[in-house]
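Novice: sequence first, then the predicted structure:
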Amino acid sequence: MQQQSFLTAPAASRRHFLATASGSLGAMALGGLLEKDARAAVAEQRTGGLPGLPHFPPTAKRVIYLFQSGGPAQHDLYDYKPNLEKLRGEDLPASVRQGQRLTVMTSRQTSFPIAPTKFKFSQHGQGGAWLSELLPHTAGMADDICFIRSMHTEAINHDPAITLILTGRQLAGRPSIGAWMSYGLGSVNEELPAFVVMVSGSGGQPLYDRLWGSGFLAAKHQGVRFRSSGDPVLYLSNPPGVGPEARRGMLDGLAQLNRHKLAQTGAPEIAARIAQYEMAFRMQTSVPELIDVSNEPEHVLKMYGPDVQQPGTYAANCLLARRLAERDVRFIQLFHRGWDQHGRLPKDLSKQCQTTDQATAALLADLKQRGLLKDTLVVWGGEFGRTVYCQGKLTREDYGRDHHPRCFTIWLAGGGIGGGKTYGETDDFSYNIVKDPVHFRDLNATILHCLGIDHARLSVRIQGLNQRLTGVEEARVLKPILG
């Protein structure tokens, strides 16, 4: 039988040769690179983040990101346009549309009738922010909030848009903003993950795990999703007949095997795996204590509304977000579905606000009364806005709105943001921005800034390029909104 040479051997055999043959020049080079990566991974774990971070004193220690999936209608919530009532049913002028790209849902419409909001607006707080009657509880916190009415993005459909705003690119595979926080700053609490995700609401677009994924960063930086039924985290409970002592002994044996493999190969993912197993063991105690709200005072539970004790609701997740913030979890992200109102908007938007408004305001008030809002950055917003023209049939009581990336509203509070402010302006139709445009990269750069991070200096070199959350395009910190 002809003997197989190294050059003609299967790839697996060559990899084994390089990993085990210490006399091979290739093995020595590969081993040196892997050892360097392993040292970096271990150092990162030991220091709880990258050396030299934060770059400057932060104003926020943590972030709570209230992501409203589907695209909330800015005209009906935050961006008051009283003159539109005079133009009800008239076709939106072509000079306003400016040939903007349309979705397939309205591109075949022969007309684009203007649909004024049917909801009343009033001013609130010392800053005089205009808010819809649908948001009475949020309105009560207006002096703690900065409303940005001039957000814009490139994507016009849900999945590319939400992927873009949370990872910096429309294509999947890049680290999410929470993963970047974990990578750069590490974890303060050794009993809980640095990045926790919760999902509520029904209908609308699907939310994929990659939206809180780690991309090309180590797997330990991805978000850990808390479930609403059963174990909050998969496999949190021990199997029947397995006690904590047995589990500890199993993990100790597994860690010994993993450390032996790490010494052989230097693969950094093995170091991450060891750390994740240890975190999982500690979470068996910390997570049940976290989700047990039986010790919360009755007046606090009432603040969040009647759904607060139903696991998996937006209100319950908001309360858990406050409890996670108390425990110094670095990045807490709540996703709430159901904002994609192409039709029956008045009815469906009213229900959506009844579900979210009280709990959102309660979270801000609860953080504030505990002294946590000053160093907790709260962000509220979706992936884009909605059109001023009606999708489908327009009546006095009913209308729908299509996707609109050219301008929409988000808001921030706490963590170094100046409250009682409104930043940016749109035209009379809330269709185009006329003052202080804010790109999603500017938003992400500002979030990083509040955490003491220079967005241009937080990067990872991948395939010869320095990759970062804000990309290589221009991004600026929104200094006028800082407190």
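Specialist: Happy to help now that I have it. Computed from a predicted structure; not experimentally measured.
Novice: pLDDT below threshold where in the stretch 1-150 of the chain?
Specialist: Across the stretch 1-150 of the chain, residues meeting the criterion (pLDDT under 70) sit at 1-48.
Novice: which residues does stretch 347-354 contact?
Specialist: Applying CB atoms under 8 Å, 6 or more residues apart in numbering, the contact partners of stretch 347-354 are Ala73, Asp76, Leu77, Leu134, Leu135, Gly338, Trp339, Gln341, Asp398. Where C-beta positions appear, they are placed from N, C-alpha and C, glycine not excepted.
Novice: looking at the residues you listed, which is nearest Asp209?
Specialist: Gly338 (19.6 Å; CB to CB).
Novice: just checking, that closest one touches Gln205?
Specialist: No. Applying CB atoms under 8 Å, one finds Gly338 not in contact with Gln205, separated by 9.9 Å.
Novice: just give me the neighbour total for Val196.
Specialist: Other residues near Val196 come to 26 when the count uses other CB atoms under 10 Å.
Novice: one more: Pro57?
Specialist: Per other CB under 10 Å, the neighbour tally for Pro57 reads 6.
Novice: same question for Gly381.
Specialist: Neighbours of Gly381 under the rule other CB under 10 Å: 22.
Novice: next one: Lys393
Specialist: Using other CB under 10 Å, Lys393 has 10 neighbouring residues.
Novice: quick one: contacts for it?
Specialist: Tyr399.
Novice: helix, strand, or coil at it?
Specialist: When classified by DSSP: H, G, I helix; E, B strand; the rest coil, Lys393 comes out as coil.
Novice: ok, the one 10 residues further on next?
Specialist: Each residue gets one of three states, and His403 gets strand by three-state DSSP.
Novice: in contact with it, which residues are there?
Specialist: Counted by CB under 8 Å, 6+ apart, His403 has contacts Gly71, Thr103, Met105, Ile156, Asn157, His158, Ala161, Phe384, Gly385, Arg386, Thr387.
Novice: how about JSON lines for the residues you listed, with distance to Ala194 and neighbour count added?
Specialist: Shown next, in JSON lines, are the contacts of His403 (distance: CB to CB, whole Å; neighbours: other CB atoms under 10 Å):
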{"residue": "Gly71", "distance to Ala194": "29", "neighbour count": "27"}
{"residue": "Thr103", "distance to Ala194": "37", "neighbour count": "14"}
{"residue": "Met105", "distance to Ala194": "39", "neighbour count": "15"}
{"residue": "Ile156", "distance to Ala194": "33", "neighbour count": "18"}
{"residue": "Asn157", "distance to Ala194": "31", "neighbour count": "16"}
{"residue": "His158", "distance to Ala194": "27", "neighbour count": "20"}
{"residue": "Ala161", "distance to Ala194": "26", "neighbour count": "22"}
{"residue": "Phe384", "distance to Ala194": "28", "neighbour count": "28"}
{"residue": "Gly385", "distance to Ala194": "31", "neighbour count": "31"}
{"residue": "Arg386", "distance to Ala194": "34", "neighbour count": "29"}
{"residue": "Thr387", "distance to Ala194": "38", "neighbour count": "26"}
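Novice: turn those residues into JSON lines, columns for secondary structure and distance to Pro240.
Specialist: JSON lines is the format used below for those (DSSP: H, G, I helix; E, B strand; the rest coil; distance: CB to CB, whole Å):
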{"residue": "Gly71", "secondary structure": "coil", "distance to Pro240": "45"}
{"residue": "Thr103", "secondary structure": "coil", "distance to Pro240": "51"}
{"residue": "Met105", "secondary structure": "coil", "distance to Pro240": "51"}
{"residue": "Ile156", "secondary structure": "coil", "distance to Pro240": "51"}
{"residue": "Asn157", "secondary structure": "coil", "distance to Pro240": "46"}
{"residue": "His158", "secondary structure": "helix", "distance to Pro240": "42"}
{"residue": "Ala161", "secondary structure": "helix", "distance to Pro240": "45"}
{"residue": "Phe384", "secondary structure": "coil", "distance to Pro240": "48"}
{"residue": "Gly385", "secondary structure": "strand", "distance to Pro240": "51"}
{"residue": "Arg386", "secondary structure": "strand", "distance to Pro240": "50"}
{"residue": "Thr387", "secondary structure": "strand", "distance to Pro240": "55"}
